[in-house]
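J.: Just to be clear, the model below is a prediction. Sequence and coordinates:
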Amino acid sequence: MTGAEPVPGAARHRITLRVTRTYTPREGTGRSTFVLDDTTARLTPGDQVLVGVPRDLPAPDAVITGEQDIAAARALITASLPESRTLTCD
């Protein structure tokens, strides 16, 4: 994570991430910025995070920190990818 700036008058922070890896449907690397409620996670610059962003929302609904927790979540995601390719969207 490269930045966490408070949103004036709200219990929220504007988070900026340096994206190093994505899973479908979002592809690519670069930077991503979103507003995150402080009750979801309180991040600081330098934190490594794995975020889950639903297709129809502008911000993550899952924020995972910590090397072990990220590794466990990434393993579940990558194990689910082959089956997900056989599913249809509503």
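T.: Perfect, thanks for sending it.
J.: Quick check, central residue of this structure?
T.: Central residue of the chain (C-alpha atoms, centre = their mean): Val51, 1.6 Å from the mean position.
J.: Now do the SS call for Asp69.
T.: helix (DSSP: H, G, I helix; E, B strand; the rest coil).
J.: Need the pLDDT of it.
T.: At Asp69, the model reports a pLDDT of 95.
J.: if I look at it, how far off is Leu50?
T.: To Leu50, Asp69 is 8 Å away according to C-beta to C-beta, to the nearest Å. For the C-beta atoms, the positions are set from N, CA and C on the backbone; glycine is no exception.
J.: Common neighbours of these two, please.
T.: Residues touching both Asp69 and Leu50 (C-beta atoms under 8 Å, 6 or more residues apart in numbering): none.
J.: Looking at these two, which one has more neighbours?
T.: Leu50 (19 against 12; other C-beta atoms under 10 Å).
J.: Which strands or helices does the helix or strand hosting the more buried one pack on?
T.: In the assignment (DSSP states H and E), Leu50 maps to strand 49-52. When contacts are defined as 3 or more C-beta pairs under 8 Å, 6 or more residues apart in numbering; DSSP states H and E, strand 49-52 sits against strand 62-65, helix 67-84.
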